[in-house]
Structures are given as C-alpha cells and as structure tokens.
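Participant: Any chance you could fold what I've pasted below:
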Amino acid sequence: MDPALAIVEFASIAVGIEAGDAMVKRAPLGVIQSGTVQPGKYIVLIAGDVASVEESLAAGIGLGGDAIVDTVFLPDIHPEVVTALQGGRSFDDGEALGIIETRTVAAIIEAADAAVKGATVTAAQIELADGLGGKGYVLLGGVLSEVEAGVAAGVAAITATQLIASVVIPQLHGEMRDDVIDSPFFSERVRGKP
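Facilitator: You can find the predicted model right below:
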C-alpha cells in the first residue's frame, strides 16, 4: 500500500458510490477499494501519495455531505497497520493483549495507527465491519507496559463517541489466544472452517 491512506464511510450506498467515483476521478491513486458493509453502509478506502489522497478525500467529503458517517486521513500510515489491514496476523505467546473496539472502520484504523506509533506494540490483528455490525477492532500485542501505552495512545486518537471499549489483558490464556487467532467468528469456531 502507498504512504497515505484515507477512508470515508457513508450511511448511503448510492452517495458512497457517487462520492467514490468523484474521488478516483479527482487525482491519481495507487489503491481504491470500496464496498458495502453492515449495517447498510458504504466504505471507500484510497491510498497513494499524500497530495493525491488529500485531494481525492476532499472530493469525497464535498460530495458526501450529511451521508458521511466517519473519515480518516493518515498521511504516513504505519506499515504494521497496512499488514494487519491486509489480513496479516502476528501473535507471540506470553504477550499482553490490548483490544480497542470502535463503532466505525475509519476510527479503528486511526486508533491502530496511533497505537503502534505511540508504543512498542504489534498490530496483531485488525477486523473490520463485515460480521461485526460495521464495527472494528484491533488486537495489540507486546509487553504489558507497552500494550497499556499503545491502547492509551489509540484511544486518545479517536473521539469518545467512536470508542466502544478498550481493555488490556496481562497474559491471555493459551486456549483463548488460539481461538482469537484462528477466527473472530463464533460460527466458524463451532463448526470449523469450510
């Protein structure tokens, strides 16, 4: 992924598609990903050079108006956040586990970026929107004091209305760690993956 990333979440699918089209037409981008998420929202993620992403984001915000639920612009996103967004998972035994849960995808990406920049923690896993009612969460790993600092930095980066919960578990039990790493979805845990 490119060095700058932005996300716009829309309450309207139609407005989201229209705004996404305007965003990609406004400036050259390295990445544009968009689609529907629960509960009936539309998300547009763009990445590229800072100036292009900033210009495209302005187009999306200008067109989105009242349909915008949340936005984030990260001009220098941390590489670990990019890896976690792309499905990478990184857990070590015995680490403390920090969890930040937000109401929106944009907020969790902002919180994850702030957490890994604010402390020596690993963005172990990021889960977004689908199967979560549009919410997001990040799992942060590391030594206890760093995880506490990372969670605090992540929570400080977002508004109180975006935050659902944040916790730090000093040493996650091995069986629980296996469940969390394998799949976030209960039905997959019970039935086994297809």
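
Participant: ok, and what's touching the helix or strand where residue 61 lies?
Facilitator: Under the criterion DSSP states H and E, the helix or strand holding residue 61 is helix 50-64. Residues outside helix 50-64 that contact it (C-beta atoms under 8 Å, 6 or more residues apart in numbering) are 2-6, 8, 10, 15-16, 18-20, 22-29, 44, 46-48, 68, 71, 73, 75-76. Heads up, the C-betas are built off the backbone N, CA and C, glycines and all.

Participant: ditto for stretch 130-138
Facilitator: 37-39, 41, 84, 99-105, 107-109, 111-112, 115, 123, 125-129, 154, 164, 184-185.

Participant: re the thing from before, just the buried ones out of the contacts of helix 50-64, please.
Facilitator: 2-6, 8, 10, 15-16, 18-20, 22-24, 26-27, 29, 44, 46-48, 68, 71, 73 (16 or more other C-beta atoms under 10 Å).

Participant: quick one on the thing from earlier: okay, the helix holding residue 61 in PDB with CA atoms only?
Facilitator: Only the C-alpha atoms of helix 50-64 are listed here, as PDB (Å, rounded to 0.1, in the frame of the first residue of the first chain):
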ATOM      1  CA  VAL A  50      -0.100  12.400   0.200                       C
ATOM      2  CA  ALA A  51      -1.200  15.200  -2.100                       C
ATOM      3  CA  SER A  52      -3.400  12.900  -4.300                       C
ATOM      4  CA  VAL A  53      -5.100  11.200  -1.300                       C
ATOM      5  CA  GLU A  54      -5.700  14.600   0.300                       C
ATOM      6  CA  GLU A  55      -7.200  16.000  -2.900                       C
ATOM      7  CA  SER A  56      -9.400  12.900  -3.500                       C
ATOM      8  CA  LEU A  57     -10.600  12.900   0.100                       C
ATOM      9  CA  ALA A  58     -11.700  16.500  -0.300                       C
ATOM     10  CA  ALA A  59     -13.800  15.500  -3.300                       C
ATOM     11  CA  GLY A  60     -15.400  12.600  -1.400                       C
ATOM     12  CA  ILE A  61     -16.200  14.800   1.700                       C
ATOM     13  CA  GLY A  62     -17.500  17.600  -0.600                       C
ATOM     14  CA  LEU A  63     -19.900  15.200  -2.300                       C
ATOM     15  CA  GLY A  64     -20.800  13.100   0.700                       C
END
